[in-house]
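[1] whatever this is, show me its structure:
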Amino acid sequence: MKSMNGTAKPMERNARGSAPGGGLHKLAAVTQIKWLCITRNTMIMMGPVLVIGMVYGCKILYGVNGGGTLVPFLRGILLNIGITMNICAEGFIMVGTSIAEEKENHTLRVLMTSSITGMQYFIGSILIPFAMLMAVNYIVLFISGISLDIVPWIPFFLVSMVASLTSCVLGMIVGICAKNQMNANLLSYPFLMVFMMVPVFGSMSEGLHKISGFLFTGVLTGMTERLANGEKYMMSPLDMAVLFGELAVSVLVFLMLYKRNGYEKD
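    Below is the predicted model of the structure:
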């Protein structure tokens, strides 16, 4: 009887896990939890508003001082700072602090005991932040003063999408490694210094400009600089290798940390 009961329970759990729609139900549950964590955190929700307000305010200020028009250099600076700040600051902090909050509230352990897989947790955790990052990227593009006629929409969408995904995954790595929300913010600073500051200041230093070309945010700022100067952008093989390579490495590191910390059930 014991052996029969012992085998029945795993079989029952496997049946529930493999039932049609079971994976989608778990994915929806994770997404809902993330939505509640993000929308209830005022600091996180203020981030996108501050990025949009900063870009729009600087555009008006520089436009008044420049006689109502912005030179290409200033348009490029506004676009670069707005998009990189959105992707880095909001991606790392929004995702990282939400996961750290789940760890503090022991929500992550509850998800683990409910047989949530690493991939389900991964997809559910980035859906809301990814949508917010993409939306702000397009808003910043529209209000920066860049001529929309020269924007290559498909490459812009692809670069913005991969960069936003990579930022979300790095934020998840920060959250998994952090002990609490305050610690998550501290762990985000090295990522901000590298992935945000290096591309932004790359136009002022030849050395930083070379390093920037090997960062996913550097690929994004390189595209925006060309758009600000009225030049056409074509994605190079190096750009594609940097974007997709860093995304793949980030996903693998997260899944490894997820299992190492005991969140993945065997």
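[2] contacts and neighbour counts: CA atoms only from here.
    Noted.
[3] against Leu36, how distant is Gly202?
    Applying Cα to Cα, to the nearest Å, the value for Gly202 to Leu36 is 37 Å.
[4] more neighbours: those two, which one.
    Neighbour count, other Cα atoms under 10 Å: between Gly202 and Leu36, Gly202 has more, with 19 against 11.
[5] for Gly218, which residues are in contact?
    Gly218 is in contact with 195, 198-199, 212, counting by Cα atoms under 8 Å, 6 or more residues apart in numbering.
[6] let's see 10 Å
    Neighbouring residues of Gly218 by Cα atoms under 10 Å, 6 or more residues apart in numbering: 80, 84, 163, 195-200, 202, 208-212, 224, 239, 242-243.
[7] one more: Cys88?
    For Cys88, the contact set (Cα under 10 Å, 6+ apart) comprises 94, 133, 163-164, 166-168, 170-171, 188-189, 191-197, 217.
[8] can you pull out the helices in the stretch 51-200 of the chain?
    Secondary structure of the stretch 51-200 of the chain (DSSP state H, counting those that start in this stretch): helices at 72-85, 91-104, 107-113, 118-143, 153-177, 181-192, 198-200.
[9] show me what counts as buried in the second one.
    Right, helix 91-104. Buried residues in helix 91-104, defined by neighbour count with 16 or more other Cα atoms under 10 Å: 91-103.
[10] now do it and helix 181-192, the angle between them.
    Between helix 91-104 and helix 181-192, the angle comes out at 150 degrees (axes from the mean of the first three to the mean of the last three Cα atoms, to 10 degrees).
[11] chain center to helix 91-104: distance?
    Centre-to-centre, helix 91-104 and its host chain are 12 Å apart (Cα atoms, centre = their mean, to the nearest Å).
[12] hmm, Leu79 is touching Thr221, no?
    Yes. Here Leu79 lies in contact with Thr221, judged by Cα atoms under 10 Å, at a distance of 8.3 Å.
[13] what sits in contact with each of these two?
    Leu227.
[14] tell me where the model's unsure across this protein.
    In the predicted model, the chain carries pLDDT under 70 at residues 1-22, 63-70, 106-115, 118, 261-266.
[15] PyMOL command for the buried members of the contacts of Gly218?
    Buried members of those, defined by 16+ other Cα under 10 Å, are picked up in PyMOL with:
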select buried, resi 80+84+163+195+196+197+198+199+200+202+208+209+212+224+239+242+243
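[16] quick one on the thing from earlier: out of the buried residues of helix 91-104, who's nearest Phe157?
    For the buried residues of helix 91-104, the closest approach to Phe157 (Cα to Cα) belongs to Gly91, at 16.8 Å.
[17] test my guess that that closest one contacts Ser125.
    No. Here Gly91 lies out of contact with Ser125, judged by Cα under 10 Å, at a distance of 11.6 Å.
[18] which among the helices of the stretch 51-200 of the chain is found nearest to Met46?
    In terms of Cα to Cα, the element of those nearest to Met46 is helix 91-104, at 10.5 Å.
[19] how far off helix 118-143 does that closest one point, in degrees?
    Counting by the same axes, to 10 degrees, helix 91-104 lies at 140 degrees to helix 118-143.
[20] just want the angle from helix 91-104 to helix 153-177.
    30 degrees.
[21] check which helices and strands helix 91-104 is in contact with.
    Counting by 3 or more Cα pairs under 10 Å, 6 or more residues apart in numbering; DSSP states H and E, the packing neighbours recorded for helix 91-104 are helix 22-39, helix 42-65, helix 107-113, helix 118-143, helix 153-177, helix 181-192.
[22] so that helix versus helix 22-39, what angle?
    100 degrees.
[23] convert the C-alpha atoms of helix 91-104 to PDB, please.
    Extracted as PDB, the C-alpha positions of helix 91-104 are listed here (Å, rounded to 0.1, in the frame of the first residue of the first chain):
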ATOM      1  CA  GLY A  91      15.200  47.000 -16.500                       C
ATOM      2  CA  PHE A  92      17.700  46.100 -13.800                       C
ATOM      3  CA  ILE A  93      15.900  47.800 -10.900                       C
ATOM      4  CA  MET A  94      12.300  47.000 -11.900                       C
ATOM      5  CA  VAL A  95      12.900  43.300 -12.300                       C
ATOM      6  CA  GLY A  96      15.600  42.900  -9.700                       C
ATOM      7  CA  THR A  97      13.700  44.600  -6.900                       C
ATOM      8  CA  SER A  98      10.500  42.700  -7.700                       C
ATOM      9  CA  ILE A  99      12.300  39.300  -7.400                       C
ATOM     10  CA  ALA A 100      14.000  40.500  -4.200                       C
ATOM     11  CA  GLU A 101      10.600  41.500  -2.800                       C
ATOM     12  CA  GLU A 102       9.300  38.000  -3.600                       C
ATOM     13  CA  LYS A 103      12.300  36.500  -1.700                       C
ATOM     14  CA  GLU A 104      11.600  38.700   1.300                       C
END
